[in-house]
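Asks: What shape does this take:
(chains A and B)
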Number of protein chains: 2
Amino acid sequence: MTTTSPRRSGGRAARTALRSAPLAENLRPVRAGMEGGNYGPLTQAGIERIHQAALDALETIGLADAPESGIAVMTAAGAILGDDGRLRFPRALVEDMLAKTSKEVVFHARDPKHDLHLSGNRVHFGTAGAAVHMVDVEGRNYRECTVQDLHDAARICDRLDNIHFVQRPMVCRDIPDNYEMDLNTIYAVTSGTTKHVGTSFTEPDFVDGGLEMLHMIAGGEDKWRARPFVSNSNCFVVPPMKFATESCQVMEKLIRGGMPILLLSAGQAGATAPAPIAGAITQAVAECLAGIIYVNAISPGHPCVFGTWPFVSDLRTGAMSGGSGEQALLTAGCAQMHKFYGLPGGAAAGIADAKLPDMQAGWEQAMSNVMAGLSGLNMVYEAAGMHASLLGFCLESLILGDDLLGQAMRCVRGIEVTEDSVSLEVMRSVCLEGPGHYLGHNQTLSLMQTEYIYPELADRSSPKEWVELGKPDLLKKATARKEEILADRSAARFDPELDAQIRAKFKIHLPS
Amino acid sequence: MTTTSPRRSGGRAARTALRSAPLAENLRPVRAGMEGGNYGPLTQAGIERIHQAALDALETIGLADAPESGIAVMTAAGAILGDDGRLRFPRALVEDMLAKTSKEVVFHARDPKHDLHLSGNRVHFGTAGAAVHMVDVEGRNYRECTVQDLHDAARICDRLDNIHFVQRPMVCRDIPDNYEMDLNTIYAVTSGTTKHVGTSFTEPDFVDGGLEMLHMIAGGEDKWRARPFVSNSNCFVVPPMKFATESCQVMEKLIRGGMPILLLSAGQAGATAPAPIAGAITQAVAECLAGIIYVNAISPGHPCVFGTWPFVSDLRTGAMSGGSGEQALLTAGCAQMHKFYGLPGGAAAGIADAKLPDMQAGWEQAMSNVMAGLSGLNMVYEAAGMHASLLGFCLESLILGDDLLGQAMRCVRGIEVTEDSVSLEVMRSVCLEGPGHYLGHNQTLSLMQTEYIYPELADRSSPKEWVELGKPDLLKKATARKEEILADRSAARFDPELDAQIRAKFKIHLPS
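Replies: The predicted model follows:
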């Protein structure tokens, strides 16, 4: 074997040094918005059958419990109010509204470099949920979430490359007043990250205050309306096939206030949605199509995400199982329906049923996240940090989730096949002219940073190195990283003058 | 909400009782050989480009280092020996041999219910590898593997539903003599499981003894040849593009002895294979096509598996990274090439770089396994128990891997879309006639066992239940399960008379 060659350069130290040079954004091996779509569990015939069943459901079953205001706009658009109080939607109305709805939506961010362009198979991972517990890894305990936890989570997300947006993953259990909770949720997340933020208003009456705060943060209502950097997660239906009256009223106000909407249908297969996976998708699609009609009847083209977001029950107990394979399939199948309609879509993946960030959590989070990404889901919600089937949020798990999601995103990126990448000439040179291996080849070195992704915390040492390193514990490394991030001053924090104005106007629970 | 309904029956206790009834094999939610194929990272154009590059490589680069016997059979078939000692393969020869090779292969098992029918997109998960360490979870230690460890692993695999075959995952480091090691490897695995077994002979001279033992176990050479229940993993190439002389001699003898062959090309992208994923696939395909020519030149239609099995280097260090996203893509891309040729194929997935069965191990094992399954890979080797990039094997991880693989297999099964499953009539009845939910609906109950899979050890309790259960630790549960399995007498053990005959003939290291 030849040990020197004009093509061979450097060794391990040189490669490590090269790797440590920062990469330009466009050369990074993975980045937000890479395109999936090479996986789809549904056949074309299956997709169309689900679509037809959803249209049938809208036409013949319809949805109950719309607020008066919603009944007014939807019947004006062509929906039919039955004697049973249910709104039914003729097929032609669905088609009309699908033509009017936005096919490309931008979810803006305080920092424009984090804007999310939602269309096609572009994939973005982020947090979401309404956990009531924080998972204390060291003490193996579940305790109630606080507004400080929420702010800390946002600050950590701000530093994790593979978390592309920050929908609030937990509720502030230390703020008993719901108005104060809603306002402090917005404050705690937006002051922790410059990425796109998702929130969820509890009551219609709280919207005006929230928008007022957002106008202040944006620097005026016009600036807010030009680049709304917060979207609202609207559980606008109570499955099966009922509008959530109050959430619909929230939605109406937010549409008028210029906030993008996540139209979220969160049925649970076997409980509030049919038990077959195809049936749960059908019902979610029907419900979200009703949402599309609702939104576009108020404001044609208003930015919204088609949030077919069905969950899975463990049918033995009726309890939710977000970590199951059935959940991963539900979400991937939903992503295909989004493409079928050509609409920006979102669904849930990455939920662990595991109580702690253990091996179970790893496989549960990985399987559904990678399948969501490969299916080309635009917005993968609840992708990191979520445990106990959404009841617990864990900061260590969130940090490790960044490595997990980087790997998933590498899978989404896929395999480039080009004249260069099939490597015939390189093979020829290596095999026929030496050195008989590819280790120091220019091609290898040139791809080291752009084709391969390296985890931040995951361990790739050999057993020998691992012993020499003192057998590092993954969770302890995550805790150390958490403390390191939280010890820094947040780069996303508000200008002190603005902060003082907000605090003068609203009761902010976080210490300044 | 109506609380009673003719369709509603039973509660949690009834559902749990129903679930505990054993399911007929054909009703199980997942089983060996379910069909994947809904995922493929390569486009059709990419597949064909790789195919053409592989043909070019065979025609113009060829392979060095074939043994004399191999040169004789391959040149007789039409290969061309160059002055540089490399065998080159004209395109027409590749096509001729692809026509002759077996498209459907059965990997038999001592118990016919475990036979593997390899074709199309049928997926099977199993162990493999050559780990030198056992991972001691409780002590967080790596120690050398023994023949007892190997036997224990086989016995555990025999009890895990989602491990469909048992290729030896480790080498017996306590048997210094390689002949004794090879024979004891066969004994330790075949006496531990009635599933299909994979082994790997070290030297051609050891084959006769191994076959003799297998004839005894089978009850005669004719019975062995009718249902050979052990295949040989042949690393017949030393990438790039060189035959492994001695392994080829082993292969020749085994073909004549009736043993199915795994034609294994184990290059490492960036080290012994090109760094681009497409290039590593191209080289592996070229090498395995050479293997197909070799095997079929000796014995047309001899059962073999197309084992494009490229690994990934961490390009910073050159060390292997089996747990990476790049590895998952390599394996899934290879599965597509197998389909392109219509050949039974195998590759590696499920390898963890993590040293212990922690969260990292979970996500690493899950991502590549589920992608391998979704791509329709026939034989997913190294799917469970493998740590430290193949250097360590862990029995607790193997046991937890059964849950992980069950979930992956559920994803492989996919989504059935039928008139019943889209559930329009059920939705209509639930929404319009009550009870407004699906919990006790006949459809829900009827699917509970057949549509949904439940993990054995993974935890789905609520935080409250989890505290009441004493916060069970996943790894401690796995250790307890391991001890439970190993405390039982193995159902796969040999008849005492046969065992005595084997022990009289061969030096068996396991105590009887």
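Asks: the helices in the stretch 251-400 of chain A, which residues?
Replies: With DSSP state H, counting those that start in this stretch as the definition, the stretch 251-400 of chain A shows helices at residue ranges A:277-298, A:325-341, A:359-374, A:395-413.
Asks: Which of these has the highest mean neighbour count?
Replies: Among these, helix A:359-374 has the highest mean neighbour count (mean count of other Cβ atoms under 10 Å in any protein chain shown), at a mean of 32. No exception for glycine: its C-beta is placed from N, CA and C like everyone else's.
Asks: Report all helices and strands that that one contacts.
Replies: Contacting helix A:359-374 under the criterion 3 or more Cβ pairs under 8 Å, 6 or more residues apart in numbering or on different chains; DSSP states H and E are the following elements: helix A:325-341, strand A:379-381, helix A:395-413, helix B:359-374, helix B:395-413, helix B:474-487.
Asks: any chance of those in JSON lines, plus mean pLDDT and distance to B:I453?
Replies: Putting these into JSON lines (pLDDT from 0 to 100; distance: least, Cβ to Cβ, whole Å) gives the following:
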{"stretch": "helix A:325-341", "mean pLDDT": "98", "distance to B:I453": "7"}
{"stretch": "strand A:379-381", "mean pLDDT": "98", "distance to B:I453": "23"}
{"stretch": "helix A:395-413", "mean pLDDT": "98", "distance to B:I453": "22"}
{"stretch": "helix B:359-374", "mean pLDDT": "98", "distance to B:I453": "13"}
{"stretch": "helix B:395-413", "mean pLDDT": "98", "distance to B:I453": "5"}
{"stretch": "helix B:474-487", "mean pLDDT": "98", "distance to B:I453": "18"}
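Asks: right, so of those, which gets closest to A:R173?
Replies: Using Cβ to Cβ as the criterion, the shortest distance between A:R173 and these is 16.0 Å, found for helix A:395-413.
Asks: which other residues reach the helix or strand that the closest one is followed by?
Replies: Going down the chain from helix A:395-413, the next helix or strand is helix A:419-422, by DSSP states H and E. Residues from elsewhere that reach helix A:419-422, judged by Cβ atoms under 8 Å, 6 or more residues apart in numbering or on different chains: A:443, B:49-50, B:53, B:276-279, B:282.
Asks: Residue of chain A nearest chain B, please.
Replies: Closest approach between chain A and chain B, counting by Cβ to the nearest Cβ: A:G362, at 2.2 Å.
Asks: any idea how far A:A366 is from the nearest residue to that residue once chain neighbours are set aside?
Replies: Setting aside the residues directly before and after it, A:G362 is nearest to B:G362 in space (Cβ to Cβ, 6 or more residues apart in numbering or on different chains), at 2.2 Å. Using Cβ to Cβ, to the nearest Å, B:G362 is found at 7 Å from A:A366.
Asks: before we move on, the earlier item: I'd like the helices of the stretch 251-400 of chain A written out as JSON lines, with distance to B:P344 added.
Replies: Rendered in JSON lines, the data for these read as follows (distance: least, Cβ to Cβ, whole Å):
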{"stretch": "helix A:277-298", "distance to B:P344": "29"}
{"stretch": "helix A:325-341", "distance to B:P344": "25"}
{"stretch": "helix A:359-374", "distance to B:P344": "24"}
{"stretch": "helix A:395-413", "distance to B:P344": "25"}
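Asks: Which among the ones you listed is found nearest to B:D152?
Replies: Ranking the helices of the stretch 251-400 of chain A by distance to B:D152, with Cβ to Cβ as the measure, places helix A:359-374 first at 19.9 Å.
Asks: Figure out how far that closest one is from the centre of its chain.
Replies: Here helix A:359-374 shows a centroid-to-chain-centroid distance of 13 Å under the convention Cα atoms, centre = their mean, to the nearest Å.
Asks: For it, list the C-alpha coordinates in PDB.
Replies: What follows is helix A:359-374 as a C-alpha-only set of coordinates in PDB (Å, rounded to 0.1, in the frame of the first residue of the first chain):
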ATOM      1  CA  MET A 359     -33.300   4.400  25.400                       C
ATOM      2  CA  GLN A 360     -37.000   4.200  25.000                       C
ATOM      3  CA  ALA A 361     -37.300   7.900  24.600                       C
ATOM      4  CA  GLY A 362     -34.500   7.800  22.000                       C
ATOM      5  CA  TRP A 363     -36.300   5.300  19.800                       C
ATOM      6  CA  GLU A 364     -39.700   6.800  20.200                       C
ATOM      7  CA  GLN A 365     -38.500  10.300  19.400                       C
ATOM      8  CA  ALA A 366     -36.400   9.100  16.500                       C
ATOM      9  CA  MET A 367     -38.800   6.900  14.600                       C
ATOM     10  CA  SER A 368     -41.600   9.400  14.400                       C
ATOM     11  CA  ASN A 369     -39.400  12.400  13.700                       C
ATOM     12  CA  VAL A 370     -37.400  10.800  10.900                       C
ATOM     13  CA  MET A 371     -40.600   9.500   9.300                       C
ATOM     14  CA  ALA A 372     -42.200  12.900   9.600                       C
ATOM     15  CA  GLY A 373     -39.100  14.400   7.900                       C
ATOM     16  CA  LEU A 374     -38.900  11.800   5.200                       C
END
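Asks: what angle do that helix and helix B:325-341 make?
Replies: Relative orientation of helix A:359-374 versus helix B:325-341 (axes from the mean of the first three to the mean of the last three Cα atoms, to 10 degrees): 60 degrees.
Asks: quick check: angle from helix A:359-374 to helix A:395-413?
Replies: Taking the same axes, to 10 degrees, helix A:359-374 and helix A:395-413 form an angle of 40 degrees between their directions.
Asks: Could I get the full set of helices for the stretch 51-200 of chain A?
Replies: Listed in chain order (using DSSP H, counting those that start in this stretch), the helices of the stretch 51-200 of chain A are A:68-77, A:91-100, A:147-159, A:178-190.
Asks: Out of those helices, which is closest to B:M386?
Replies: Proximity of the helices of the stretch 51-200 of chain A to B:M386 was assessed by Cβ to Cβ; the nearest stretch is helix A:147-159, lying at 31.3 Å.
Asks: Cool, thanks, talk later.
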